[in-house]
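>>> Model the following, please.
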Amino acid sequence: MFSRTKLLAIFGAAFMLPLLIAVANPEALSGTSVLAAEKKQPKYKDVKTRKRQSVGGKCAKALEKVQVVLEEENWPESLKMLNGIEASAKTCASDYEQTQIWKFKGYIYYSLDDFPRAIRSYRKVIDGVGTPLELALDTRYTVAQLYTVEEQYGKAAIELEIWMDAANIIGGDARVLLAQIYYQLERKAEALSMLELAIDDAESKAILPKENWWGLQRVLYYEKNDFKRVTRILEKLVKHYPKWTYWKQLGGMYGELEREMDRLVATEVVYLNGELNKERQIMSMAYMYLGAEVPYRAARIIEKGMQDKDADGKTLIKRNAKNLEILGTAWYQSKDLKRALKSLESASKFSDTGNLQARLAGIYLDLGRDREAYRASRRAAQKGGVKRPDSNYLVMGNSLINLHCYKDAISAFQKALKRAKDKKTKRYPQQWIRYADTEGNRLQKLRDVGATVPGCSKA
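A predicted model of the protein is given here:
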């Protein structure tokens, strides 16, 4: 969760402060910016005014040589020099001077990615007899960060809580760090409370909260199933830290809240910028447009996906039975029957199901291709699995009437009547049976008197 690079960015150059400053001007030991802040408000609670300690001349010269090597990032040599100074009883003899050695060693071990030894060195600083209270507390914060990197979250929490208890000025980064630690410890209520203190404080000062602050807050509310709060956070993220992942997540949250039009808009933004690059994502968007009763847009999206290719040269949307049938549905709802028919005929080459044949039969009938409508409806009935078998037999019957096969049409309508589930659906086959019977008898009477009338042409 925490990387060395991130930690270095947090630490900055605090460990490289020249020690000669403390010799030339003991009052500047903690840095002029800190002193200026202390005049306005003490950094830590219960800090008593006391004489500042300094490094002696002999020790300062020795540490100055170490610092030159440190700046060259020659870690082994600088560590060897520090060990020599520490072993000497005369070079850096005072308790305060020993503290400076441990501080430098902690930084070296940190630079070598030896975090356990870095922690041990910094703990010596914290527990040192000659360590000023301010330095001990600052170092405790550092140790908390190192424990976090080492995933020793319990120890990290203890150190940071002690630091916060003593500090008057607590920045947002410190609160968020503790929130992250609490999250790892499954202390999620405390994590959220600490995180919101940081965010609310920043927003009250018109300061933009950091991206990762909102990121963790989003996770915590998502785990509480508070999708409204998650949505509000994502709306802030897409505004201040716009990323396509946030737009995708925002679309998902709109879906959870049944804000379908907002979901469609958010997904469209991602799609128009070429960030939907998986079949599932693109087909999901097509379904949204079908649900929004914009079938033409759905059809165009699917067609484009069947033409566009991914990084491996494969089409984004496969031309399989399911996808082609959905494309056919979109074109049918768009009243473009020819394109609908073309898509469904292509689908039938991959999977010739009864339901698919029934849909083809309906389109053939609408286009006046009665013989094909009859054959498709008959294949649908033979294959089975038709969602509305009564409707399929109605299509069969109508195509047979148009082909002047009235007896066969009556038989088809009777099958439709048998499979109808309620009075409303039974009414249509009953009406068609009466019509087919009447029209068939009328034409037969005309034949009986020698009139030329068309006969059954289903073959």
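>>> all helices in the stretch 301-450 of the chain, in order from the N-terminus.
Taking DSSP state H, counting those that start in this stretch as the test, the helices found in the stretch 301-450 of the chain are 321-333, 337-350, 354-366, 370-383, 389-402, 406-419, 423-448.
>>> for the first one, packing partners?
It stands for helix 321-333. Helix 321-333 sits against helix 279-291, helix 295-307, helix 337-350, helix 354-366, with contacts defined as 3 or more CB pairs under 8 Å, 6 or more residues apart in numbering; DSSP states H and E. Every C-beta, even on glycine, is put in place using the N, C-alpha and C of the backbone.
>>> Could you do the last one as well?
Taking 3+ CB pairs under 8 Å, 6+ apart as the contact definition, the neighbouring helices and strands of helix 423-448 are helix 389-402, helix 406-419.
>>> Which of the ones you listed sits closest to residue 175?
Minimum separation from residue 175 across those (CB to CB) falls at helix 389-402, 63.7 Å.
>>> on that earlier part again, of the helices and strands packed on helix 321-333, give the one that comes closest to residue 205.
Nearest of the helices and strands packed on helix 321-333 (CB to CB): helix 279-291, 39.3 Å.
>>> how distant is the closest one from the center of its chain?
Distance of helix 279-291 from the chain centroid (CA atoms, centre = their mean, to the nearest Å) equals 18 Å.
>>> ok, so what distance separates residue 313 from residue 301?
Distance, residue 313 to residue 301, using CB to CB, to the nearest Å: 21 Å.
>>> Counting neighbours, go ahead and name the busier of these two.
residue 301 (23 against 6; other CB atoms under 10 Å).
>>> For that one, which non-adjacent residue is closest in space?
residue 286 (4.9 Å; CB to CB, 6 or more residues apart in numbering).
>>> For that neighbour, give its distance to residue 190.
Residue 286 sits 44 Å away from residue 190, taking CB to CB as the criterion.
>>> element containing the residue nearest to residue 292 when sequence neighbours are not counted?
Closest residue to residue 292 apart from its sequence neighbours, by CB to CB, 6+ apart: residue 264 at 5.9 Å. Following DSSP states H and E, one finds residue 264 within helix 260-272.
>>> How far off centre is that helix?
15 Å.
>>> do you know which of the helices of the stretch 301-450 of the chain lies nearest residue 241?
Per CB to CB, nearest to residue 241 of those: helix 321-333, 35.0 Å.
>>> could you check the angle helix 295-307 makes with that closest one?
150 degrees (axes from the mean of the first three to the mean of the last three CA atoms, to 10 degrees).
>>> how many degrees apart are helix 321-333 and helix 354-366 in direction?
Using the same axes, to 10 degrees: helix 321-333 against helix 354-366 is 30 degrees.
>>> Now do helix 321-333, average pLDDT.
In this model, helix 321-333 has an average pLDDT of 95.
>>> same check, this time on stretch 157-177
Stretch 157-177 comes out at a mean pLDDT of 94.
>>> what's stretch 214-221 in contact with?
Residues from elsewhere that reach stretch 214-221, judged by CB atoms under 8 Å, 6 or more residues apart in numbering: 176, 179-180, 183, 188, 191-192, 195-196, 199, 229-230, 233-234, 236-237, 241.
>>> cool, stretch 246-263 as well?
227-228, 230-231, 234-235, 237-238, 266-267, 269-270, 275, 288, 291-292.
>>> rerun that using 10 Å as the cut-off
By CB atoms under 10 Å, 6 or more residues apart in numbering, the residues outside stretch 246-263 that reach it are 211, 214-215, 218, 222, 225, 227-239, 243, 264-271, 273, 275-276, 281, 284-285, 288, 291-292.
>>> what's the burial count for the residue lying closest to residue 150 once chain neighbours are set aside?
Counting by CB to CB, 6+ apart, residue 150 lies nearest to residue 115, which is 5.3 Å off, once chain neighbours are set aside. Counted with other CB under 10 Å, residues neighbouring residue 115 total 18.
>>> correct me, but residue 115 touches residue 156?
No - judged on CB atoms under 10 Å, residue 115 makes no contact with residue 156 at a distance of 11.8 Å.
>>> Name the residues of stretch 144-153 that are buried.
Of the residues in stretch 144-153, 144, 145, 146, 147, 148, 149, 152, 153 count as buried by neighbour count, 16 or more other CB atoms under 10 Å.
>>> Residue 76: neighbour count?
10.
>>> Can you name every helix or strand that the helix or strand containing it contacts?
According to DSSP H and E, residue 76 maps onto helix 75-87. Secondary-structure packing of helix 75-87 (3 or more CB pairs under 10 Å, 6 or more residues apart in numbering; DSSP states H and E): helix 57-71, helix 95-111.
>>> Check which residues of that helix are buried.
Quick answer for helix 75-87 (16+ other CB under 10 Å): 75, 78, 79, 81, 82, 85, 86.
>>> before we move on, what about stretch 277-288?
279, 281, 282, 283, 285, 286, 288.
>>> and the last one, what is it in contact with?
If a contact means CB under 10 Å, 6+ apart, then residue 288 has 251, 255, 260-261, 263-265, 267-268, 294, 297-298, 301 as its contacts.
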